[in-house]
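Colleague: Quick one: sequence and predicted model below, then my questions.
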Amino acid sequence: ARGGGGGKSQGDAVARAYHNINTFLQTNVVDEVVNRHSSEVKPPTLVHKLIGMPPKKYKEYPVLIRDNSNLFSNALFYGIEYDLIIFDLLIFIMWDLIFMDVFIAALLCYITSHALIELRCAWGGSNIAQKTLVDERFLV
């Protein structure tokens with residue numbers, strides 16, 4: 001049997017983690033860059049490219065890694081338009097093979113595409129909000 005207190009302690013743990021991360025970033029990164037104008041943007045090293053390991057803190061100021069492989073934009077639809085067109089084409093061909101009617105295939109392809117976009121909007125925002133500890137209202 002589940003008790004009502006489990007959700008509260010998990011919520012408290014998330015709130016504490018959010019506060020700790022926020023405090024760390026504010027004191028160690030943002031204040032350092034704003035007050036001393038000190039930061040360094042470096043090209044990614046071989047270790048970072050292979051396993052995505054962050055840089056070691058060997059300096060007194062924040063070290064940022066340049067995103068040459070567009071890892072941030074890969075989380076969005078941005079940059080994968082060609083893949084999405086191929087996917088839509090394959091969905092259209094699938095529906096056309098099933099129903100042997102171009103109009104029905106186009107209509108179902110449209111419905112399928114928009115359903116997937118709605119799923120991504122519904123689940124993607126909450127997923128990003130949960131993993132980054134940023135309230136969903138602040139996501140653009």
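Modeller: Yep, that arrived.
Colleague: rest of the way, CA atoms for contacts and neighbours
Modeller: Fine.
Colleague: Can you read off the backbone torsions of the most far-flung residue of the chain relative to its centre?
Modeller: Distance from the centre of the chain peaks at Met100, with 38.4 Å (CA atoms, centre = their mean). Taking degrees, to the nearest 10, you get phi 50, psi 40 for the backbone angles of Met100.
Colleague: Over to Leu133?
Modeller: phi 60, psi 30.
Colleague: I figured it hits Tyr18, correct?
Modeller: Yes: applying CA atoms under 8 Å as the test, Leu133 and Tyr18 come out as touching, 5.9 Å apart.
Colleague: May I have the secondary structure class of Val134?
Modeller: coil (DSSP: H, G, I helix; E, B strand; the rest coil).
Colleague: That one and Lys49, how far apart?
Modeller: Look at Val134 and Lys49: by CA to CA, to the nearest Å, they are 27 Å apart.
Colleague: which ones are touching Phe99?
Modeller: Ala105 (CA atoms under 8 Å, 6 or more residues apart in numbering).
Colleague: Find me the pLDDT at it, would you?
Modeller: Listed pLDDT for Phe99 reads 95.
Colleague: top helix in the protein by residue count?
Modeller: The longest helix of the chain (DSSP state H) is helix 5-25.
Colleague: Over that helix, what's the mean pLDDT, rounded is fine.
Modeller: Rounded mean pLDDT across helix 5-25 is 76.
Colleague: Ok, stretch 118-134 next?
Modeller: Stretch 118-134 carries an average pLDDT of 78.
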